[in-house]
Structures are given as C-alpha cells and as structure tokens.
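Asks: Predicted structure and sequence below. I'll ask about it afterward.
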There are 2 protein chains.
Amino acid sequence: MVRVLRAAAAQMGPTQKADSREHTLGRMLNLLEEAAGRGASLVVFPELAFTTFFPRWLLEGSALDQYFERSIPNPAIAKLFDRARALRVGFYVGYAELTPDRRRYNCAILVDRDGEILGRYRKVHLPGSVEPRPGARYQQLEKRYFDYGDLGFPAFRAGSAWAHAIMGMMICNDRRWPESWRVLGLQGVELVCIGYNSAAYDPNGGSTEDAALRTFHSTLVTQANAYMNATWAISVAKAGEEDGSGLIGGSCIVDPNGRIVAQAKTLADEVIVADVDLDLCRQGKDKMFNFAAHRRPEQYRVITERAGVVAPAVLDAD
Amino acid sequence: MVRVLRAAAAQMGPTQKADSREHTLGRMLNLLEEAAGRGASLVVFPELAFTTFFPRWLLEGSALDQYFERSIPNPAIAKLFDRARALRVGFYVGYAELTPDRRRYNCAILVDRDGEILGRYRKVHLPGSVEPRPGARYQQLEKRYFDYGDLGFPAFRAGSAWAHAIMGMMICNDRRWPESWRVLGLQGVELVCIGYNSAAYDPNGGSTEDAALRTFHSTLVTQANAYMNATWAISVAKAGEEDGSGLIGGSCIVDPNGRIVAQAKTLADEVIVADVDLDLCRQGKDKMFNFAAHRRPEQYRVITERAGVVAPAVLDAD
C-alpha cells in the first residue's frame, strides 16, 4: 500500500480589525479552491484563521466575544465546510472557541472530506500575559483570553482519504516546545498540522529580534522536532502587517528528515503543496528514533516533576 | 559583570585501530596548544577521544579492555592534564570508563584549569545493540560494551575562569534526544558540551542516508535544542575514515538563538574558536522560554510514563 497524501499549506496574509468575516472567509475559499485544484486532499489554515490576531488588543464584553465561535460549523463559516465537502477536501483550521459553559480556548480542528470533525485540539502553551502591559500599544493577552487546553496532545488516525495517517495538531507557540512533539511522537504521529500567528518584530518598538531571526526560529524548531519524532509537519502562518503589528510568514512543509520540502515566499495569501509520503517516517521510527529501544524515561523525571528552573548552587570559592 | 569565555571545539580526525595511544595523545596536545594560543580557556574534545571508535568491532577480554581507562587521569594520558594545567586551560573529554567494580560507561568529564574534575557524565542514550549483527563487517555495540549512564544529566556551576557558567554535558546520540537538553535546561544550563562519533554512511553498504544528510541532522538538532533551551552548545566530532568506516565532521559552536557561530570545514584535526557570551542566554530564558511561566508539565506525563509508542486504534470503517 502506497501511503501518500497531497497536502497544502494555505498561508494567509494579514486580516485587519476592520475586515468583515465574509471577506476573510472569501479569501479562505479562494485558497481552498487553489489547493483542491492542485490536487490536495488536506488543506492547513493558520491559527485563529477567521479573524485578526485579536489578543494584541485589550478587549472585553461583546468587543471580545465577536472573535469567538460558539459552535463549529456555524452560519458565518458554513461556506468553508460546504465547499470543502463538495471538493472532497479536508482541512485543519484554528479558531477561538467559546463553549456553552463560557470556557474559552485557542482551538484547532481536523475536518475530513465528509465535513466530519476527526479531532479537536486546544492550545496548551499560551504565551503572553494575563494582565496588560501598562502603556504598551500592543499586547499579547492569550493568557487572559483563553483557558489552558484540557485535551492534551491527542493523535488521530485518519481514514483512507488521508492514507490512514496518524495525525496530530499544535497551535503556534506549541511548536517551540519539544514536549508537544514528543507527546505526539509517543503516539506514533506521522503528520503534525500547525497554524501560527508569530510576531515579526516587537510592535512596541523593541529591537531584540528581527523578522529574519524569528522566521529562522520558526522554521528551525519545525525541522528539528519533525526529525526527532520522525514525522511530517505542515506549519502555516498568518503573515504580514495587521493594523501596525507585523507577523512572520515562512509557512513550510517539512519531511521526517527535517528537510523543507516546500516553503511560502510571500507574506500574503499563498498556497504551497507537497506529496506527503508517510512511509518516509519508517526509517526514523524503526532505527534512530526507535523509542522503545532507546528512550530512558527514568532519566527524564524532572521534565514532568516541575515547570521551572532550579539552578545548581553557587560555589563558595573561585 | 561581563560573562564571556572563549571556547574551542577541538575536532579530531580519524584514529585507526593501529594508532598508538601516545600518537593520539600527541595530536590532542597539538589541538590544546592551538586552542590555548588562540585564547581559549575551554577546549572540547570528542567522545571516546583517546581511541578509535571501538564499538564497531566485536571484541572481548583484553582486546576490549585496552580501550578503557581504569582511572582518570592515569599515566597514559597524564600529559594532557599536565599541559592543560600549565596553559591554564580546562577541557571536556570523552573516554571509556572501567570502574573498580567492573562497570563500564561511555563517559565524559569537565576538567577545570587547575586540573580538577568539575563534573562527570555517563552516556544515557546508548545506540546500537547488545548482540552483534550476523554477517556484518561493522557493528554498533555500545549497548553491549557500556552500562546505561547512572548520573542523570547533571549541570555544574563553573568557577570564574569560565564566567561562572552553568554547564552540562552530553555524549553523541544524547544530542538527538530533546529530553537530554530539557533536563539540563531545567537546571538553567548556559553551555552544553558534546562530543560525538557519528557514522557518515552505512559502512556495511546500505544507502539510506548520506554524509551530507547525517551532518545536517547533527547540526540541526544542536541548533534547535540550543534555541529551545536558550543555551550555548559546543558539539565536537571525531571525523573521517577509521579503518574503512566513515564518521561525519561538522563540529560547531551554536549560540542561544540556534545560530552557528563557528563550524569545522574539514574531516581532520581542526580547532574552531568562539567567544561565548553567556548573557545572550537571558533573552530566551526570561521571555519565550521562561519555563516557570509557560511550561505545562501536567500535559507531558506520557514522556516519563513510558518509553515506546502506543498508537491510536485503527478505525473500523473508511
């Protein structure tokens, strides 16, 4: 059995605060059509794909709630589900989830070609802060607006349309944490889908890291963690200038050797496509990264015993 | 206080089975002299630096024991310790350790400029197999010749000669396992020293991965794990053709952004040097990788609960 699926990364350019939901959905439908036209059976959209990256603003009440979905699908985004089903294409998409009991998550779902939700993931590694930074024009308030994901990092086994791939999801910052990848790796993951909104620079005027370095970081962690878990990865940006705050691009499809197979060249709406040969995972999973043969969990305990750093004592002398 | 030390990677070319210990030590002394002459206060030598990579051979009795050190230092290698102390240079070196109770470890030590052993590490991630592969000319018998390291991944705080750096050690295969890095990262590590002997190709004639891909893997994991733990890393090869079996080079010094600051260009004895500014670790440790603020250990449990893969169930239909 040849285990190959053609997958697309649907990078999105910026979405402004003033953009209507309908306008943004129209762009997503265009990306979906292009990906389907190029033969993709899986299309990966970014994190919080339906809206601007609203955690940069201090908001409350309905000004905040407008960015959240109370159910999926719903009338405002039904066209994406309908068109994907008609095209026989499935997708990953990130969105802000508001549950019936008023919990809020930075969420992603995998939707198969029949429009059924194959899996759901809620972001574990929320960056930013609960309290706004005084005097700052731009915030990063994910820790304020979202609850920590409560679903772990579940892996899902897809159907025949996706070559029975073992699939996992991450959202943005998760990809920088090797623990996210390893929890999926320990479920035998073969294809990790990731959406992100990552700052291209400090929008408040700091100058520690430029866009090139931040794009390098994003690509580097995707490549290395894909290799160390012998999995494919599709990592997809919302990119460009959103109301004066810049986001990196660099969406990429990475093979289980950590090599970039396709990468976006713009900061705009852009589709990249690659054939994902799942059997390329076997070399790593059977040899170098045969976890059962080579991992030593008894030496890793500190990883789950505490969150933060405990440094060795300072020496008395010298 | 400016926290900078000048460090050298002392890559070694191949060491043949027939090479005398004295000859190899002479090469190491030359590397040490060059590094000291270029102002280095720390010199990192490879894994199993005093001998050929003997786990490729099926050996027993004295034919095996000849590759092991019964104590450190000992007369056969005292010159390295003596000359380093005279030059006021410290070093990392890997060697095969045979303890008084006949336990065997793939070991590394950090020796300070006074010739005192600052820290010891015993390799945790032993690759290869216990039983030889039938009919194969070259073996990988680390699991046969060595006990699993029993010291964890300890971090050590250096003295003023090394700017009070928090230092850690790995050996070869350890660098491909993000757990090794994270256990050191959770101790606030600022400089990780690594020695390796990594195959450049399958010496028995397989053709799955060539030297370029294997060197890429080695560099990639060092860069990404340094970045994800906001630490410097110095990763040093024994390189070239040892009795018909090839080893990659690519020794490198990597900064806490994952950028390569210096990299060896040959497969021979070669010194590379860089100024290691420990304060460059702060940006990552205080913000993106502020572990106490952002890690979620309750979601990582599977990392320490089991070694191997448990895949999701196969679906009944589709």
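Replies: Cool, got the structure. Residues are numbered from 1 along each chain as shown, chains lettered A, B, ... in the order given.

Asks: The nearest residue in space to residue A:181 that is not next to it in sequence: what secondary structure?
Replies: Nearest residue to residue A:181, sequence neighbours excluded (Cβ to Cβ, 6 or more residues apart in numbering or on different chains): residue A:225, at 4.0 Å. For every residue, glycine as well, the C-beta is placed using N, CA and C. Judged by DSSP: H, G, I helix; E, B strand; the rest coil, the three-state class of residue A:225 is helix.

Asks: Test for you: state the pLDDT assigned to residue A:225.
Replies: Listed pLDDT for residue A:225 reads 98.

Asks: That one: what's it in contact with?
Replies: For residue A:225, the set of contacting residues under the criterion of Cβ atoms under 8 Å, 6 or more residues apart in numbering or on different chains consists of A:175, A:178, A:181, A:233, B:178, B:224.

Asks: Residue A:237 and residue A:252 touch, don't they?
Replies: No - in this structure residue A:237 lies outside contact range of residue A:252 using Cβ atoms under 8 Å: 9.1 Å.

Asks: For these two, list the residues in contact with both.
Replies: residue A:264.

Asks: Just give me the closest of the contacts of residue A:225 to residue B:100.
Replies: Taking Cβ to Cβ as the measure, residue B:178 is the one of the contacts of residue A:225 closest to residue B:100, at 34.5 Å.

Asks: For burial, what's the neighbour tally of that closest one?
Replies: Other residues within reach of residue B:178, judged by other Cβ atoms under 10 Å in any protein chain shown, total 27.

Asks: contacting residues around the nearest residue to it once chain neighbours are set aside?
Replies: Nearest in space to residue B:178, with sequence neighbours left out and distances taken as Cβ to Cβ, 6+ apart, is residue A:178 at 3.6 Å. Taking Cβ under 8 Å, 6+ apart as the contact definition, residue A:178 lies against A:225, A:228, B:178-179, B:181-182, B:225, B:228.

Asks: So residue A:237 and residue A:252 - more neighbours on which side?
Replies: In this comparison of residue A:237 against residue A:252, neighbours counted by other Cβ under 10 Å, the higher total goes to residue A:237 at 29 against 26.

Asks: now the more buried one: how far from residue B:218?
Replies: Using Cβ to Cβ, to the nearest Å, one gets 28 Å for the distance from residue A:237 to residue B:218.

Asks: Residue A:116 now?
Replies: Here residue A:116 is placed at a distance of 42 Å from residue B:218 (Cβ to Cβ).

Asks: neighbour count winner among the two?
Replies: Ranked by neighbour count (other Cβ under 10 Å), residue A:116 and residue B:218 place residue B:218 first, with 23 against 13.

Asks: What residues of the helix or strand harbouring the more buried one count as buried?
Replies: Taking DSSP states H and E as the definition, residue B:218 sits inside helix B:211-228. Neighbour-count burial for helix B:211-228 flags B:211, B:213-228 (criterion: 16 or more other Cβ atoms under 10 Å in any protein chain shown).

Asks: got the CA coordinates for it in CSV?
Replies: As requested, the backbone C-alpha atoms of helix B:211-228 are provided in CSV (Å, rounded to 0.1, in the frame of the first residue of the first chain):
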residue,chain,number,x,y,z
ALA,B,211,27.1,12.1,4.9
ALA,B,212,25.5,15.4,3.9
LEU,B,213,22.1,14.4,5.4
ARG,B,214,23.7,13.0,8.5
THR,B,215,25.8,16.1,9.1
PHE,B,216,22.6,18.2,8.6
HIS,B,217,20.8,16.1,11.2
SER,B,218,23.7,16.6,13.7
THR,B,219,23.8,20.4,13.2
LEU,B,220,20.0,20.7,13.1
VAL,B,221,19.4,19.1,16.5
THR,B,222,22.2,21.1,18.1
GLN,B,223,20.8,24.4,16.8
ALA,B,224,17.2,23.7,17.6
ASN,B,225,17.8,22.3,21.1
ALA,B,226,20.2,25.1,22.0
TYR,B,227,17.5,27.6,20.9
MET,B,228,14.7,25.8,22.8
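
Asks: Distance from the chain centre to it, please.
Replies: Relative to the centre of its chain, helix B:211-228 is centred 13 Å away, using Cα atoms, centre = their mean, to the nearest Å.

Asks: okay, the angle between it and helix A:211-228?
Replies: Using axes from the mean of the first three to the mean of the last three Cα atoms, to 10 degrees, the direction of helix B:211-228 lies 120 degrees away from that of helix A:211-228.

Asks: State the next helix or strand along the chain beyond helix B:211-228.
Replies: Read in the C-terminal direction, the helix or strand following helix B:211-228 is strand B:232-237, with elements assigned using DSSP H and E.
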